[in-house]
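**Student:** No letters, just coordinates:
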């Protein structure tokens, strides 16, 4: 593991990222139960109330929840600048995020909760975005990481603004753009702006660090985020002027394919060739990104009557396969790493406690990792089988439920081990 150039002096308390990590599986349970309940109805299109509710439970309650929690850890380590949100505002911010997401999902089913979600999500996400961008502008270093994280933060701001405009349309009949262009822009900027830019920024650092691969070439570290921004900007222009979104989408998808190919090539060049569950997660995630992006480029070739089902399949394979695949793999590295990092100062101050310091695999064992990965693979297999035979679509929700219950168990058991070991260290 390469740790050169990293700063561990300003890392937050362990409970800061863990509270976000432990919340995500709860949203996964709700989303997976909805998938089981809806069954093959999800293939009718992504505009159905249940599809919209599930999408936002996953996008905010799972993806954003874990990514925000991770940024509290990433910023001081990679950029040397912690996100300094005091304890009480942090609790209120997460509470607003949780309740706002639940209210938003309930609103899609006709509950009168859109106004509540508008206020809560605007306040919680707005506060986080301002805090993040403020740190990036004033204090952050590490240009190769700082710039793509800043771009991801700006993309999140645009996603939130577009989402609030859509909510304003539901609440007060205010639609600044005709048709579904704003909705498509909101979704595309969420996945390929906020999410993909942040994954790029982190992967440029953590893949060489954790997996001892060659560094990502500097020209790609600059070109890939830059091309994404160009594609997203052209998407915004096309949305405003009611132009076709296809060419912008095709450019963004091509960048996604290129990034995945470069990432897979880096992983093939790693110095340690031993089997590694997290490497397998990256490989599967990149394969899913390639598949989803190629399908987006080929969408005009799909018969009109099948395009709705194809859109749902793309959303599942990129959302579950790529984004949640990367997140699952990174949690297996990040959680044990953070726990060990927080125990090391105690061990250094008290040499008799050094023997109690756990290694990563005593926190989340190799067997636990393998079970988690197999459940992820079964989930992706269920997506493909359900596309071909929709009556078994409920298995997607079932596999997702089992997968994320296991993830919650892994994180919770590692957290309990940390607490017990810390107590023993302090007592020795």
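**Tutor:** Great, that's in hand. Bear in mind the structure is a predicted one, so any value in this text is a computation, not a measurement.
**Student:** only C-alpha atoms for contact and neighbour calcs from this point on.
**Tutor:** Fine.
**Student:** Low-confidence stretches in this protein?
**Tutor:** 1-9, 142-143, 176-179 (pLDDT under 70).
**Student:** Centre-most residue in it?
**Tutor:** Closest to where the C-alpha atoms of the chain average out (CA atoms, centre = their mean) is residue 63, at 3.7 Å.
**Student:** ok, that one - contacts?
**Tutor:** Residue 63 makes contact with 24, 323, 324, 327, according to CA atoms under 8 Å, 6 or more residues apart in numbering.
**Student:** swap the cut-off to 10 Å and go again
**Tutor:** 21, 24, 56, 57, 195, 319, 320, 323, 324, 327 (CA atoms under 10 Å, 6 or more residues apart in numbering).
**Student:** can you tell me which of these are in helices?
**Tutor:** 21, 24, 56, 324, 327 (DSSP state H).
**Student:** Please identify, among these, the one with the most neighbours.
**Tutor:** residue 21 (25 neighbours; other CA atoms under 10 Å).
**Student:** how near is it to residue 35?
**Tutor:** 22 Å (CA to CA, to the nearest Å).
**Student:** now the helices for the stretch 51-200 of the chain?
**Tutor:** Ranges of helices within the stretch 51-200 of the chain are 65-78, 87-108, 114-138, 143-172, 181-189, 196-211, based on DSSP state H, counting those that start in this stretch.
**Student:** could the ones you listed go into a markdown table alongside distance to residue 389 and mean neighbour count?
**Tutor:** Output for these, formatted as a markdown table (distance: least, CA to CA, whole Å; neighbours: other CA atoms under 10 Å):
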| stretch | distance to residue 389 | mean neighbour count |
| --- | --- | --- |
| helix 65-78 | 32 | 22 |
| helix 87-108 | 27 | 19 |
| helix 114-138 | 35 | 19 |
| helix 143-172 | 33 | 19 |
| helix 181-189 | 27 | 20 |
| helix 196-211 | 30 | 20 |
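**Student:** Format those helices as JSON lines; extra columns: distance to residue 297.
**Tutor:** Output for these, formatted as JSON lines (distance: least, CA to CA, whole Å):
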{"stretch": "helix 65-78", "distance to residue 297": "27"}
{"stretch": "helix 87-108", "distance to residue 297": "30"}
{"stretch": "helix 114-138", "distance to residue 297": "32"}
{"stretch": "helix 143-172", "distance to residue 297": "22"}
{"stretch": "helix 181-189", "distance to residue 297": "14"}
{"stretch": "helix 196-211", "distance to residue 297": "17"}
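**Student:** which secondary structure elements does the longest helix seen in the chain contact?
**Tutor:** When the chain is scanned for its longest helix (criterion: DSSP H), the result is helix 394-427. Secondary-structure packing of helix 394-427 (3 or more CA pairs under 10 Å, 6 or more residues apart in numbering; DSSP states H and E): helix 15-38, helix 324-349, helix 360-363, helix 366-388.
**Student:** Those: which one's closest to residue 161?
**Tutor:** When those are compared by CA to CA, helix 15-38 sits nearest residue 161, at 22.8 Å.
**Student:** Go ahead and list the helix or strand containing residue 255.
**Tutor:** Secondary structure assigned from DSSP states H and E places residue 255 in helix 246-268.
**Student:** tell me which residues in that helix are buried?
**Tutor:** 248-257, 259-261, 263-264, 266-267 (16 or more other CA atoms under 10 Å).
**Student:** Relative to residue 362, how far out is residue 351?
**Tutor:** 20 Å.
**Student:** hmm, back to that, deepest of the helices and strands packed on helix 394-427, which one?
**Tutor:** helix 15-38 (a mean of 20; mean count of other CA atoms under 10 Å).
**Student:** tell me what that one is packed against?
**Tutor:** helix 49-56, helix 65-78, helix 87-108, helix 324-349, helix 394-427.
**Student:** Tabulate the ones you listed (CSV), appending distance to residue 377.
**Tutor:** Output for those, formatted as CSV (distance: least, CA to CA, whole Å):
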stretch, distance to residue 377
helix 49-56, 20
helix 65-78, 21
helix 87-108, 27
helix 324-349, 9
helix 394-427, 9
